[in-house]
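Enquirer: compute the structure for the input listed below.
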Amino acid sequence: MASKRGSEVVFEDFFPSMVEKLGTEGFLNELCNGFRLLVDGDKGVITLDSLKRNSEVLGLEGMSDEELRCMLREGDLDGDGSLNQMEFCVLMFRLSPDLMNGSRRWLEAAAEFDHINEF
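Expert: Numbers count the residues shown, from 1 in each chain. This next block holds a predicted model:
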């Protein structure tokens, strides 16, 4: 969950408790659901416009376009100005210090989950 204090966006890290409650696969499913919630249906990625349309869901209404662009740039690994599902998931992990501490275990689980979903 995000909140805005002045010009600073503050994120409360619920991910570790979600992993504990849902398990690895359930948590990864929820990340995928979060991506689908924010994605531009025509382009298949999260764009500035789709993020703006859905910013209220994230508790980020009232953020400027530049603040939203900064959020996209933070996770945009391939430089295309948008977030694909993998970039979104990597960004979510990076925003969670507790998950980053156990990142090797989570990345292995994510790779296995991705491999299973290919078939």
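Enquirer: quick one, phi psi at Leu58?
Expert: Backbone torsions for Leu58, taken as degrees, to the nearest 10, come to phi -90, psi 0.
Enquirer: how many residues are close by it?
Expert: Number of residues near Leu58 (other C-beta atoms under 10 Å) recorded here: 17. C-beta here means a position set from N, CA and C on the backbone, and glycine is covered the same way.
Enquirer: what's the answer for Ser64, then?
Expert: With other C-beta under 10 Å as criterion, Ser64 counts 9.
Enquirer: against Val39, how distant is it?
Expert: Separation of Ser64 from Val39 (C-beta to C-beta, to the nearest Å): 22 Å.
Enquirer: same deal with Leu95?
Expert: 18 Å.
Enquirer: same check, this time on Glu66
Expert: 22 Å.
Enquirer: strands along the chain, start to end?
Expert: 2-5, 8-11 (DSSP state E).
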